[in-house]
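J.: Got a predicted structure here, sequence first:
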Amino acid sequence: MAAICFNNISKTFKTGFKRTSILSGLSFEIKQGEVFGFLGPNGAGKSTSIKLLLNFIRPDYGSIIISGFKVGTDKFRHLTGYLPETPCFYENLTGMEHLSFAGKSSGINKVLLNKKSLDILEKLNLEKAGNNLVRTYSKGMKQRLGLAMALIHDPEIYILDEPMSGLDPMGRRLITSIILNLREKGKTVFFSSHILNDIERTCDQIGILNKGKLLYCGPVENMPENNSGMEDAFVSLIEKDDMITNE
């Protein structure tokens, strides 16, 4: 059984008196225990796909399945941990208080929650800042706290929107190691990114989206024209699709 399955998803948004197509017939599967990288230029439809996956918005057509549960039912929510591209926090709460809130919302026992929170803060190099107000955190620290909140209830599937955003090279390396560790534990990680080196280093499979269409889905090494490297292959694929679309 696939961990995540997009089945012929289409989505449009109304702009003025007409509707604009954002996604068109999007279909792909992510296997359990796989790290899947979701790529595409700005405006390709990646964020819309993630919002659909989390049931923040509904598709016009098609369905999304998470571990056998159709998205749109409450049953799928406990299976997922989510990191938005720009996490929002209560600036006058501490890091520990945020993890306490996230853990209690997930039904974690209070005694266990305290230990788990300390362990996760240490894993993300935030143990010294755990009792500091979030308003004192840097952008990179907030990004890592957002990931800590996604990790706290130990879900089976992680949905990470630009998890490397705002991180320095040390922070990126730390998040990369956590993603690879999750894969070793049999967890499924779906993440979007513009940083192709991180995708190449961590992903089992990738999906490349452009103008709402899936151009490629499979291993990095099987990408068309990948002889000169992933970046050149990615740019070539997008440029060829743009040429075809504009003809």
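T.: Perfect, thanks for sending it. Numbering: from 1, shown residues only.
J.: Pass me the low-pLDDT residue ranges in this protein, would you?
T.: Regions of the chain meeting the criterion pLDDT under 70 cover residues 74, 245-247.
J.: close enough to count as contact, Gly103 and Ser117?
T.: Yes: with contact defined as Cβ atoms under 8 Å, Gly103 reaches Ser117; the gap is 6.7 Å. Quick note: C-beta positions are derived from backbone N, CA and C, even for glycine.
J.: intersection of neighbour lists for those two?
T.: Ile152 (Cβ atoms under 8 Å, 6 or more residues apart in numbering).
J.: Mind listing residues that contact the helix or strand Phe38 falls within?
T.: Here Phe38, judged by DSSP states H and E, is contained in strand 35-39. When contacts are defined by Cβ under 8 Å, 6+ apart, strand 35-39 is touched by residues 4, 30, 46, 49-50, 179-180, 182-183, 188-194, 196, 199, 202-209, 234.
J.: For the residue nearest in space to the middle of the chain, name its beta-bridge partners.
T.: Taking Cα atoms, centre = their mean, the centroid of the chain lies closest to Leu160, which sits 2.2 Å from it. In this entry, Leu160 is beta-bridged to Leu83, Phe191, by DSSP bridges.
J.: Now do the buried residues in the next helix or strand after the strand holding Phe38.
T.: Next in sequence after strand 35-39, counting helices and strands by DSSP H and E, comes helix 46-53. Neighbour counts using 16 or more other Cβ atoms under 10 Å place Lys46, Ser47, Thr48, Ser49, Ile50, Leu52, Leu53 of helix 46-53 among the buried residues.
J.: hey, where'd the helices end up in this protein?
T.: 46-53, 95-105, 110-123, 139-151, 169-184, 196-202, 230-246 (DSSP state H).
J.: Can you report how many residues neighbour Ile120?
T.: Ile120 has 25 neighbouring residues, counting by other Cβ atoms under 10 Å.
J.: sorry, back to before: now do the strand holding Phe38 against helix 46-53: the angle between them, please.
T.: 130 degrees (axes from the mean of the first three to the mean of the last three Cα atoms, to 10 degrees).
J.: Strand partners (parallel or antiparallel) of strand 35-39?
T.: By DSSP bridges, strand 35-39 pairs with strand 188-192 (parallel), strand 205-210 (parallel).
J.: Let me know which of those is tucked in deepest.
T.: Among the strands paired with strand 35-39, strand 188-192 has the highest mean neighbour count (mean count of other Cβ atoms under 10 Å), at a mean of 24.
J.: which ones are touching the nearest residue to Phe36 once chain neighbours are set aside?
T.: Excluding its sequence neighbours, the residue lying closest to Phe36 (Cβ to Cβ, 6 or more residues apart in numbering) is Ile30, at 4.5 Å. Contacts for Ile30 (Cβ under 8 Å, 6+ apart) come out as Ala2, Ala3, Ile4, Cys5, Phe36, Thr188, Phe190, Gln205.
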